[in-house]
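Peer 1: Model the structure of this input:
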Amino acid sequence: MEPHRDDVVSTRPTKVYSDDQLAIEIPETAHQISSDSWFQVGFVLTTGINSAYVLGYSGAVMVPLGWVGGVVGLILATAISLYANALIAELHEFGGKRHIRYRDLAGFIYGPKAYSLTWVLQYVNLFMINVGYVILAGQSLKAIYVLFRDDNAMKLPYFIAIAGFVCGLFAICIPHLSALRIWLGFSTFFSLVYIVIAFALSLRDGVRAPPRDYDIPGSDISRVFTTIGASASLVFAFNTGMLPEIQATVKQPVVRNMMKALYFQFTVGVLPLYAVAFMGYWAYGNDASAYLLSSVSGPVWVKTFANISAFLQTVIALHIFASPMYEYLDTKYGIKGSALAVKNLSFRIMVRGGYLVVTTLLAAALPFIGDFMSLTGAISTFPLTFILANHMYLVAKRNKLTSLQKLWHWINVIFFGFMSVIAAVAALRLIAVDSKNYSIFADI
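Peer 2: Down below sits the predicted model:
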């Protein structure tokens, strides 16, 4: 294959060789393929799970589940998420074709109807994740504002609008996922800043605070729903819903390198998440908020630095989760060549800008971040990452699996299908309750 420049990406189908020296066809795309090391891909995955969402897990996961349920749940969610993602990664070159999009893999295994259904599920998943990111970015800006002023003149929806505008500028400037490069380094730095500060200030507050209440709050009925909703947030925490799109960027051998990236994500990558979730809950108990930096006390400049870092990291993370939509539109409309070409630049301004206007509008209208985590996990993360992964692997490898292995995958399909349904019901109930307590475009 000919070497390519960063700003010129071929859309012609090509062939490479797999680990078994079989010719593997790569489909057309306007974005770069096979250009990143496993280490860079590992950082992309780690950026996703250590985004500013981690600042909400003390309140969204630990409070509804308590110490035993929360700790065991996070560890189990880590293990089953690694397993499910490994199944998807192993199918990346199934059938002699490289499946660089989730919908391509599902369509190849099941047919055109599954292609369309997977497409809808994935884009709903990514859209809702991005809605959550805009809410988080707005919350971080508001947290900075209230550190210096207490007049309540600026409401959360205003900060969400500012956050959406900045996300739009970043989306216009970064043409594709591989172009993030140095921004991944910045993202890691920003993550470390707010994670270390949140951990340290929570530790200080916990040492100074009187005994906390760790009992699971609410009535028996509400506990059932919040526990189910928290289980959806657990799987949401570790899964992107776009593994084939991320795997598309890794260099050959793609399966082996992707497994290295996944092992990095689910070992080193999960430690910051654990640290913040557990420390926040230990320090504040049932009073842990949905945005941990709103609970901590400490020097104003330290908290400001943490919130600015959370805001900037969220802008980068949103771009990762929006990249499948951008790749589809760029490929469909032939956006290739120089990123600074007038046609390409104007296309990104109109299309990506429009996408983020809609995302920001919904975020401002319904700024319930914990509810969005639960609903996203229920209606898209469960089906995409656990149900489809197990069933696609079952269908693709059916002639190589033993009866016991087939039974195992069927148990997973049925169990996670059940969890998806009840978690969606619980999440919708939470949104309905919050919608009664708060008006549209609420300042929370």
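
Peer 1: for the protein, longest helix please?
Peer 2: Criterion DSSP state H: the longest helix present in the chain is helix 112-148.

Peer 1: Output the contacting helices and strands for that one.
Peer 2: Secondary-structure packing of helix 112-148 (3 or more Cβ pairs under 8 Å, 6 or more residues apart in numbering; DSSP states H and E): helix 102-110, helix 156-173, helix 300-332, helix 353-365, helix 369-376. Where you see a C-beta, it was placed from the backbone N, CA and C, and this is true even at glycine.

Peer 1: I'd like the next helix or strand past the second one.
Peer 2: Spelled out, it's helix 156-173. Remark: after helix 156-173, the chain's next helix or strand is helix 182-208, criterion DSSP states H and E.

Peer 1: Okay, angle between the longest helix of the chain and helix 353-365 too, please.
Peer 2: Interaxial angle, helix 112-148 versus helix 353-365 (axes from the mean of the first three to the mean of the last three Cα atoms, to 10 degrees): 60 degrees.

Peer 1: Give the rounded mean pLDDT of helix 112-148.
Peer 2: Per-region confidence: helix 112-148 scores 88 on mean pLDDT.

Peer 1: got the angle for it vs helix 102-110?
Peer 2: For helix 112-148 against helix 102-110, the angle by the same axes, to 10 degrees is 150 degrees.

Peer 1: if I look at Leu169, how far off is Gln252?
Peer 2: For Leu169, the distance to Gln252 (Cβ to Cβ, to the nearest Å) stands at 34 Å.

Peer 1: repeat for Phe236
Peer 2: According to Cβ to Cβ, Phe236 and Gln252 sit 31 Å apart.

Peer 1: Those two: which is more packed in?
Peer 2: A count of neighbours by other Cβ atoms under 10 Å puts Phe236 above the other of Phe236 and Gln252, at 32 against 15.

Peer 1: Hmm, Leu375 and the more buried one touching each other?
Peer 2: No - with contact defined as Cβ atoms under 8 Å, Phe236 does not reach Leu375; the gap is 9.2 Å.

Peer 1: Next up, the contacts around the spatially closest residue to Ser294 that is not a sequence neighbour.
Peer 2: Using Cβ to Cβ, 6 or more residues apart in numbering and skipping residues adjacent in sequence, the residue nearest Ser294 is Ala143, 5.7 Å away. With contact taken as Cβ atoms under 8 Å, 6 or more residues apart in numbering, Ala143 is in contact with Tyr291, Leu293, Ser294, Lys303, Asn307.

Peer 1: same deal with Tyr355?
Peer 2: By Cβ under 8 Å, 6+ apart, the residues touching Tyr355 are Ala171, Ala322, Met325.

Peer 1: Just give me the neighbour total for the residue lying closest to the second one once chain neighbours are set aside.
Peer 2: Across the structure, with Cβ to Cβ, 6+ apart as the measure, the residue nearest Ala322 apart from its sequence neighbours is Asn130 (5.6 Å). When counting by other Cβ under 10 Å, one arrives at 26 neighbours for Asn130.

Peer 1: My guess is Leu292 contacts Ala200. True?
Peer 2: No - contact criterion Cβ under 8 Å: Leu292 and Ala200 do not qualify, at 11.9 Å.

Peer 1: higher neighbour count, these two?
Peer 2: Counted by other Cβ under 10 Å, Leu292 and Ala200 do not tie: Leu292 has more neighbours, with 31 against 15.

Peer 1: Next up, phi/psi of the more buried one, please.
Peer 2: phi -60, psi -30 (degrees, to the nearest 10).

Peer 1: residues contacting it?
Peer 2: Leu292 sits next to Leu55, Gly56, Ser58, Gly59, Ala198, Ser202, Val276, Gly280 when contact means Cβ under 8 Å, 6+ apart.

Peer 1: could you redo the last one with a cut-off of 6 Å?
Peer 2: Counting by Cβ atoms under 6 Å, 6 or more residues apart in numbering, Leu292 touches Leu55, Ser58, Ala198, Gly280.

Peer 1: Next, work out how far apart Gly269 and Ser81 are.
Peer 2: 11 Å.

Peer 1: same check, this time on Arg149
Peer 2: On the measure of Cβ to Cβ, Arg149 and Ser81 end up 41 Å apart.

Peer 1: Between these two, point out the one with more neighbours.
Peer 2: The residue with more neighbours, out of Arg149 and Ser81, is Ser81; 26 against 10, by other Cβ under 10 Å.

Peer 1: from memory that one sits against Phe238, does it?
Peer 2: Yes - the pair Ser81 / Phe238 is scored as a contact, 3.9 Å apart, by Cβ atoms under 6 Å.

Peer 1: wait, what's in contact with Ile228?
Peer 2: Ile228 makes contact with Ile422, Ala423, Ala426, according to Cβ under 6 Å, 6+ apart.

Peer 1: which element is it on?
Peer 2: Using DSSP H and E, Ile228 sits in helix 220-238.

Peer 1: Near Met242, how many other residues are there?
Peer 2: 26.

Peer 1: can you tell me which residues contact it?
Peer 2: Pro324.

Peer 1: That one and Val44, how far apart?
Peer 2: 10 Å.

Peer 1: same question, Ala432
Peer 2: Relative to Val44, and taking Cβ to Cβ, Ala432 is found at 35 Å.

Peer 1: For those two, work out which one has more neighbours and name it.
Peer 2: Val44 (23 against 10).

Peer 1: Next, the contact list for the more buried one, please.
Peer 2: Ile246.

Peer 1: could you measure it against Leu262, distance?
Peer 2: Separation of Val44 from Leu262 (Cβ to Cβ) stands at 11 Å.

Peer 1: cool, and Asn50?
Peer 2: Taking Cβ to Cβ, one finds Asn50 at 15 Å from Leu262.

Peer 1: Am I right that Asn152 falls within a strand?
Peer 2: No - assessed by DSSP: H, G, I helix; E, B strand; the rest coil, Asn152 does not belong to a strand; its assignment is coil.
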